[in-house]
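Undergrad: got a predicted structure here, sequence first:
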Amino acid sequence: MEDQERTPVSIFTQVDRDVFLRDICPERRPALLRGVDLGPCLEKWTLEYLRLRGGDQDVKIHVSTVPQMDFLHKNFVTLPFNEFVKRASEKKHSDFFLSEDEHYYLRSLGEDVRKEPADLNKQFPHLAEDFHVPHFFEPDQFFSSVFRISSCGLQLWTHYDVMDNLLAQVTGRKRVVLYSPQDALHLYLSGDKSEVLDIDSPDLKRFPDFLKAKLYECVLEPGDLLFIPALWFHNTTALQFGVGVNVFWRHLPADCYDKKDPYGNKDPVAAARALQALERALHTLDELPSDYRDFYGRRMIQRIQKRTYCDSVSATKTKEDSDSTLPSRPFTKPG
């Protein structure tokens, strides 16, 4: 396979709220934060402790016969939480649904999955008291805290979210690959997801432009926090059985977001309206012969590029060029 441009995610240490808000969040680029206090969960969340404190409440989980989960073929099953943790930590299963080497994945949900975002304090209160949410945003900006548990080897598809979030890795190691929003045209999107499931060995006959996307990557160790800015595509692979928490917050005014979105992955209201208007415009072009549709379609693309795309890419390119000579920068607290 041809080489794809790869860049390590910058690592920052001794990050407090002021450093995050001043030097990291405004850059709108992923950042790996080390040394942030996540609470006693780092020592406490052993298998035995998780099973005991999580109890036998039922949880809805994904089961997959292959490590690479896609967004089309998901098998949902319900298990008691303590049984799920036991199975997810195993590589071979004596009890199984599909195969003895099946993979498990939990993404916690709100009480009413159609209306309420996930909240660790509500779904797993006895575990939530061990996890300290970093105070990098105002309390009224909080949207959700999502509890995630993965079998070793499980890989989640490439997708983006519309809110900023921090991925806290509590136990196990996880590889995270990210792509810039400016590379969206190379990722073969279906809604908020990429159709390219095997990002390390993509089918270049189906996805010839995929290698044009610049790949950012890092490996999260227990205790690491990864800042994932809104609209950045990300793909995760559990290198070991792992437990983590995603914390999402509204970094735009609250009325920008869809109020009926419990997952935080619906496009902002204005963006959704614009996409709907584009679909109507494309249907209108269907009234014309094919050569006219082609011509006016190209004019529409040119208009979009002039209004949005070219300016943003130019600005980003200038910024990336200026940053390209800078090494990863550890921060130390002033004093």
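TA: Noted; the coordinates are in hand.
Undergrad: let's see the helix or strand where Asn165 lies as CSV, backbone CA atoms only.
TA: Element membership for Asn165 (DSSP states H and E) is strand 164-171. Provided in CSV are the C-alpha atoms of strand 164-171 (Å, rounded to 0.1, in the frame of the first residue of the first chain):
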residue,chain,number,x,y,z
ASP,A,164,-16.1,18.8,21.7
ASN,A,165,-15.2,15.9,23.9
LEU,A,166,-12.6,14.4,26.1
LEU,A,167,-11.9,10.6,25.9
ALA,A,168,-10.6,9.4,29.2
GLN,A,169,-8.8,6.1,29.1
VAL,A,170,-9.1,4.5,32.6
THR,A,171,-7.9,0.9,32.0
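Undergrad: tell me which strands that strand pairs with, and in which orientation.
TA: strand 225-228 (antiparallel), strand 242-249 (antiparallel) (DSSP bridges).
Undergrad: let's test this: mean pLDDT of the very next helix or strand once past the last one, rounded?
TA: Going back to what we said before, that points to strand 242-249. Later in the chain than strand 242-249, the nearest helix or strand by DSSP H and E is helix 269-285. Across helix 269-285, the average pLDDT comes to 95.
Undergrad: name the helices or strands packed onto whichever helix or strand Arg87 is part of?
TA: Secondary structure assignment for Arg87, by DSSP H and E: helix 81-88. Helix 81-88 sits against helix 47-54, strand 58-64, strand 103-107, strand 142-150, with contacts defined as 3 or more C-beta pairs under 8 Å, 6 or more residues apart in numbering; DSSP states H and E. For every residue, glycine as well, the C-beta is placed using N, CA and C.
Undergrad: run the last query once more with 7 Å
TA: Judged by 3 or more C-beta pairs under 7 Å, 6 or more residues apart in numbering; DSSP states H and E, helix 81-88 is in contact with helix 47-54, strand 58-64, strand 103-107.
Undergrad: please identify the deepest-packed of these.
TA: strand 103-107 (a mean of 21; mean count of other C-beta atoms under 10 Å).
Undergrad: tell me what angle that strand forms with helix 81-88.
TA: Angle, strand 103-107 to helix 81-88, by axes from the mean of the first three to the mean of the last three C-alpha atoms, to 10 degrees: 140 degrees.
Undergrad: re earlier: could you export the helix holding Arg87 as PDB, CA atoms only?
TA: What follows is helix 81-88, C-alpha atoms only, in PDB (Å, rounded to 0.1, in the frame of the first residue of the first chain):
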ATOM      1  CA  PHE A  81     -23.500  -5.800  33.600                       C
ATOM      2  CA  ASN A  82     -21.300  -8.100  35.800                       C
ATOM      3  CA  GLU A  83     -21.700 -10.900  33.200                       C
ATOM      4  CA  PHE A  84     -20.900  -8.500  30.300                       C
ATOM      5  CA  VAL A  85     -17.700  -7.300  32.000                       C
ATOM      6  CA  LYS A  86     -16.600 -11.000  32.500                       C
ATOM      7  CA  ARG A  87     -17.200 -11.800  28.900                       C
ATOM      8  CA  ALA A  88     -15.600  -8.700  27.500                       C
END
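Undergrad: would you confirm that Leu154 contacts Glu102?
TA: No: in terms of C-beta atoms under 7 Å, Leu154 does not count as a neighbour of Glu102; the distance is 10.1 Å.
Undergrad: so for the two, which residue has more residues nearby?
TA: Legend: neighbour count by other C-beta atoms under 10 Å for Leu154 and Glu102, higher for Leu154 (23 against 18).
Undergrad: mind checking pLDDT for that one?
TA: pLDDT, Leu154: 94.
Undergrad: give the contact list for it.
TA: Pro67, Met69, His103, Tyr105, Ala238 (C-beta atoms under 7 Å, 6 or more residues apart in numbering).
Undergrad: could you confirm Thr158 falls within a strand?
TA: Yes: counting by DSSP: H, G, I helix; E, B strand; the rest coil, Thr158 is part of a strand.
Undergrad: tally up the residues packed near it, please.
TA: Neighbours of Thr158 (other C-beta under 10 Å): 24.
Undergrad: check Asp16 too.
TA: 16.
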